[in-house]
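A.B. asks: no FASTA, just this:
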Ligand code: S3P
């Protein structure tokens with residue numbers, strides 16, 4: 001059985017690249033991978049998962065599900081089985097450690113809230129500084145007994161009994177929506193979530209595949225989701241589609257490095273995730289998209305990216321939820337465009353693994369790019385293809401997406417660029433180094 005790639009750490013540099021070429025199978029989607037494990041653990045029967053993303057974040061969720069009593073087993077590369085608990089979690093005998101993962105901890109808080117067990121939730125330094133009230137507030141309105149450290153981790157749950165709620169999240173967040181819906185499975189009565197702006201809908205799609213009675217009504221950009229508890233899910237097989245957010249790094253690397261052509265297969269094609277593709281096209285990117293097979297109820301696509309003369313644009317603020325994790329790499333693409341790219345509506349970037357708005361601006365400035373930040377916006381004045389000096393060192397602030405964005409910027413810059421630590425890349429994209437090598441890119445300890 002092939003092993004999970006070991007974590008690299010320390011500073012790395014990307015040397016200026018000649019041209020990128022090759023064809024990659026997109027790594028498994030992180031959001032779908034977390035959900036497959038959590039729903040499998042809640043369900044009755046055995047769930048078989050293929051193509052699971054074996055990243056540190058997802059592996060922490062797998063461990064948490066095992067600690068809650070599910071039978072979790074790796075049977076091959078990306079192949080896992082989860083013997084579910086029929087909604088009857090066991091009391092874990094140690095704190096559940098979610099490492100760096102906001103998705104893991106927030107979704108599991110919701111899934112466990114009404115199960116009647118006590119649990120403690122902990123994470124690394126970055127996760128322990130992120131806001132948890134966005135999840136504990138609605139769960140407490142449902143009756144959950146949480147104690148947090150002033151709205152942060154560590155958090156403690158005492159055995160609780162839940163009732164359904166009618167809830168409109170104050171921020172556009174799939175994590176908050178998902179936590180409330182998962183809690184709704186064990187709550188008495190109807191749980192209803194209203195979203196003024198649709199966020200990724202994988203929880204709803206997968207709940208239906210696991211046999212949940214769930215009703216989703218769409219009204220333009222808004223949606224209303226209802227389910228009535230208590231309900232027990234039924235195990236099903238999940239073939240995880242490719243991650244559009246991770247695929248973005250190779251796509252942008254090809255667009256900004258002269259002479260490149262890169263193809264990614266099996267990329268999930270869901271309108272709540274493809275904002276970057278739409279944006280890059282508006283910037284003049286040469287992207288060819290062909291439909292692929294459906295996987296886990298999601299459409300997939302094959303994307304080919306060729307070096308392109310990009311131009312700056314204004315990115316609509318309402319598109320942010322459909323590309324929230326892609327702004328650092330979009331900002332890198334914008335640095336190699338002609339003209340100015342204005343990205344408004346980014347307040348949520350400040351609550352990610354780091355303050356990604358400032359981190360992205362610092363990353364670009366370090367390599368000579370002209371950038372401005374506002375409270376919730378980023379403006380990048382592009383230098384055109386071949387116009388970025390480079391030579392900067394990205395401070396990653398424990399943020400995997402800043403690390404990968406800093407390296408991609410280096411490939412296309414005149415002097416290359418480095419990042420202070422690549423360790424966190426393993427939280428979301430453990431095959432990043434192998435994939436870059438396949439495309440002909442040199443990344444070296446620095
Ligand atoms: C995720 C939702 C997003 C995203 C994260 C994964 C999910 O967070 O940033 O990487 O799987 O639900 P928010 O929903 O908090 O914006």
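C.D. replies: In hand now; what should we look at? Every value quoted in this text rests on a predicted model; they were computed, and no experiment measured them.
A.B. asks: please make it C-alpha for all contacts and neighbour counts, starting now.
C.D. replies: OK.
A.B. asks: next, count neighbours for the residue of the stretch 201-350 of the chain found nearest the ligand.
C.D. replies: Taking CA to the nearest ligand atom, the ligand has its nearest neighbour within the stretch 201-350 of the chain at residue 325, 5.2 Å off. Per other CA atoms under 10 Å, the neighbour tally for residue 325 reads 21.
A.B. asks: for stretch 223-234, give me every contacting residue.
C.D. replies: 39, 42-45, 86-87, 164, 181, 184-198, 207, 210-218 (CA atoms under 8 Å, 6 or more residues apart in numbering).
A.B. asks: what comes up buried for that stretch?
C.D. replies: For stretch 223-234, the neighbour count (16 or more other CA atoms under 10 Å) marks 223, 224, 225, 226, 227, 228, 229, 230, 231, 232, 233, 234 as buried.
A.B. asks: from one end of that stretch to the other, what's the distance?
C.D. replies: 25 Å (CA to CA, to the nearest Å).
A.B. asks: quick one: it to chain centroid distance?
C.D. replies: The gap between where stretch 223-234 is centred and where its chain is centred comes out at 24 Å by CA atoms, centre = their mean, to the nearest Å.
A.B. asks: contact partners for residue 381?
C.D. replies: For residue 381, the contact set (CA under 8 Å, 6+ apart) comprises 312, 334, 335, 338, 339, 340, 341, 369, 370, 371.
A.B. asks: mind putting those residues into TSV with distance to the ligand?
C.D. replies: Shown next, in TSV, are the contacts of residue 381 (distance: CA to the nearest ligand atom, whole Å):
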residue	distance to the ligand
312	24
334	20
335	22
338	28
339	28
340	25
341	21
369	25
370	26
371	23
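A.B. asks: wouldn't the residue of the stretch 201-350 of the chain closest to the ligand be in contact with residue 246 here?
C.D. replies: No. The pair residue 325 / residue 246 is not scored as a contact, 9.2 Å apart, by CA atoms under 8 Å.
A.B. asks: helix/strand/coil for residue 4?
C.D. replies: Counting by DSSP: H, G, I helix; E, B strand; the rest coil, the backbone at residue 4 sits in coil.
A.B. asks: among the buried residues of stretch 223-234, which lie within strands?
C.D. replies: 223, 224, 225, 226, 227, 228, 229 (DSSP state E).
A.B. asks: what is the nearest of those residues to residue 408?
C.D. replies: Using CA to CA, residue 223 is the member of those that lies nearest residue 408, at 35.8 Å.
A.B. asks: before we move on, the earlier item: which of the contacts of stretch 223-234 fall in helices?
C.D. replies: Among the contacts of stretch 223-234, the ones falling in helices (DSSP state H) are 39, 42, 181, 184, 207.
A.B. asks: which one of those is nearest to the ligand?
C.D. replies: Closest approach between those and the ligand, by CA to the nearest ligand atom: residue 181, at 12.0 Å.
A.B. asks: for the closest one, which non-adjacent residue is spatially closest?
C.D. replies: residue 191 (6.9 Å; CA to CA, 6 or more residues apart in numbering).
A.B. asks: report the beta-bridge partners for the one you found.
C.D. replies: Beta bridges link residue 191 to residue 227 when assigned by DSSP bridges.
A.B. asks: tally of neighbours for residue 220?
C.D. replies: The number of residues packed near residue 220 is 9, by other CA under 10 Å.
A.B. asks: closest to residue 269 among the contacts of residue 381?
C.D. replies: For the contacts of residue 381, the nearest to residue 269 is residue 334 (22.9 Å; CA to CA).
A.B. asks: who's in contact with residue 427?
C.D. replies: Applying CA under 8 Å, 6+ apart to residue 427 gives the contacts 55, 56, 57, 58, 100, 101, 400.
A.B. asks: which residues touch residue 163?
C.D. replies: By CA under 8 Å, 6+ apart, residue 163 lies in contact with 142, 143, 184, 187, 188, 189, 190.
A.B. asks: please verify my assumption that residue 18 contacts residue 258.
C.D. replies: Yes. Using CA under 8 Å, residue 18 is in contact with residue 258, at 7.2 Å.
A.B. asks: residue ranges with poor pLDDT in this structure?
C.D. replies: Across the chain, residues meeting the criterion (pLDDT under 70) sit at 1-3.
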